[in-house]
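Undergrad: Just a sequence and a predicted model for now, questions to come.
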Amino acid sequence: MEFDAVLIAGPTASGKSREALALAQAINGAIINADSMQVYREAPILTAQPSREDQARVPHFLYGHVSASEVYSVGRWRDDAIAALAKVRAMNRIPIFVGGTGMYFSVLTDGLADIPPIPAAIRDAARGLLEEMGVEALHARLAQRDPLTASRLRPSDPQRVLRAYEVFEATGRPLAQWQGAPTQPILGGRLAAFVLDPPRGERRARIARRFEQMVEQGGLEEAAALAGLDPALPAAKLLGLRPLQALAAGDLGQAEALGAAITATRQFAKRQMTWFRNRMPHYIWYDPLNSNIIAKFGKISA
């Protein structure tokens with residue numbers, strides 16, 4: 001059986017990039033990033049982007065192609081992914097989407113609501129309100145106007161609260177209502193879809209090792225270079241960014257900073273797994289410690 005595309009999802013530090021590279025080399029594939037943080041060019045270490053050597057082995061797309069100062073949205077990723085998909089198919093390679101952003105996989109298989117562009121005046125006014133009153137107060141105001149969407153958002157999430165507020169102000173319709181409308185998926189045909197599911201203890205250990213390696217490899221310098229980044233920007237949610245910036249500035253010791261970064265990342269990985277379990281139960285799940293994706297792919301391709 002031939003497949004039109006392969007999807008590889010998994011929590012942070014689960015080994016997705018390694019699995020994707022091995023499969024791409026085995027099946028003449030090309031890799032397309034489906035992780036919302038690995039798009040930023042200023043943070044290849046902090047976001048654990050594939051190394052230059054790995055990217056030279058097979059074609060890679062949508063890694064480090066966006067500035068952290070930009071508002072990079074799901075809609076922009078959809079457009080970029082469509083363009084990358086066309087390039088991969090023109091190369092007669094199998095597209096392999098890999099990453100940890102559940103919404104991106106949903107866009108691939110279910111589509112994305114066609115929300116109109118937000119006028120600059122509304123965007124600027126909403127951002128001004130966020131800076132003036134803070135995210136929790138803006139969330140409370142959103143709850144008065146759009147209680148459905150507000151109930152789905154954490155009051156401490158400036159990016160998503162701001163987005164929901166902008167959409168309601170611009171369109172008069174709740175963001176949740178837009179998201180519930182019928183949409184057109186990017187991918188069709190035969191899909192091989194996987195979720196990496198390493199044991200919880202191993203995942204936690206990998207996260208800790210990753211941050212220790214990041215500091216050794218230059219992640220601290222990347223974090224320091226992003227000081228002053230607007231907290232409402234998507235890139236401000238880079239895992240471990242704030243504690244590593246505090247370490248670089250001398251406001252935290254290394255043990256305390258790494259501890260905070262590791263804890264926040266473990267919590268994020270837990271949320272990722274919750275998304276995958278709720279939204280991707282039909283994917284093929286496997287423990288990369290006891291199997292590998294080439295074996296899994298071979299079985300379903302036979």
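TA: Thanks, I have it.

Undergrad: Only C-alpha atoms from now on, for both contacts and neighbour counts.
TA: OK.

Undergrad: in the one helix or strand in the chain whose mean pLDDT sits lowest, what's buried?
TA: Least confident helix or strand, the chain: helix 175-179 with a mean of 79, by mean pLDDT, DSSP states H and E. Buried residues in helix 175-179, counted by 16 or more other Cα atoms under 10 Å: 175-176, 178.

Undergrad: ok, those vs Leu238, which is closest?
TA: Closest to Leu238 out of the buried residues of helix 175-179 is Leu175 (24.1 Å), distances taken as Cα to Cα.

Undergrad: so where do the strands sit in the stretch 101-250 of the chain?
TA: Under the criterion DSSP state E, counting those that start in this stretch, the stretch 101-250 of the chain contains strands at 191-196.

Undergrad: Which helix or strand contains the closest residue to Pro243 other than its chain neighbours?
TA: Residue nearest to Pro243 in three dimensions, not counting chain neighbours: Ala257, with 4.9 Å by Cα to Cα, 6 or more residues apart in numbering. Following DSSP states H and E, the helix or strand that holds Ala257 is helix 254-279.

Undergrad: before we move on, what about Ala56?
TA: Under the assignment here (DSSP H and E), Ala56 is part of helix 52-57.

Undergrad: following that helix, which helix or strand comes up?
TA: For helix 52-57, the following helix or strand on the C-terminal side (DSSP H and E) is strand 60-61.

Undergrad: mind checking how far that following strand is from the chain centre?
TA: Distance of strand 60-61 from the chain centroid (Cα atoms, centre = their mean, to the nearest Å) equals 15 Å.

Undergrad: immediately after it, which helix or strand?
TA: Sequence-wise, the next helix or strand downstream of strand 60-61 (DSSP H and E) is helix 74-90.

Undergrad: Mind listing what's buried along that next one?
TA: Neighbour counts over helix 74-90 (16+ other Cα under 10 Å) mark 77-78, 81, 84-85, 88 as buried.

Undergrad: In the residues you listed, which has the lowest confidence score?
TA: pLDDT across these is lowest for Arg78, at 93.

Undergrad: and that one, what does it touch?
TA: Arg78 sits next to 104, 107-108 when contact means Cα atoms under 8 Å, 6 or more residues apart in numbering.

Undergrad: follow-up on the earlier one: state the mean pLDDT of the helix holding Ala257.
TA: 94.

Undergrad: packing partners for it?
TA: Counting contacts by 3 or more Cα pairs under 8 Å, 6 or more residues apart in numbering; DSSP states H and E, helix 254-279 is packed against helix 102-110, helix 200-217, helix 241-248.

Undergrad: hmm, who's touching the last one?
TA: This means helix 241-248. Applying Cα under 8 Å, 6+ apart, the contact partners of helix 241-248 are 46, 220-221, 223-224, 227, 252-254, 257-258, 260-261.

Undergrad: Format those residues as a markdown table; extra columns: neighbour count and distance to Phe268.
TA: Shown next, in a markdown table, are those (neighbours: other Cα atoms under 10 Å; distance: Cα to Cα, whole Å):
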| residue | neighbour count | distance to Phe268 |
| --- | --- | --- |
| Leu46 | 27 | 15 |
| Leu220 | 22 | 20 |
| Glu221 | 17 | 23 |
| Ala223 | 24 | 19 |
| Ala224 | 17 | 22 |
| Ala227 | 15 | 22 |
| Leu252 | 15 | 22 |
| Gly253 | 15 | 23 |
| Gln254 | 17 | 21 |
| Ala257 | 21 | 17 |
| Leu258 | 20 | 15 |
| Ala260 | 16 | 12 |
| Ala261 | 20 | 11 |
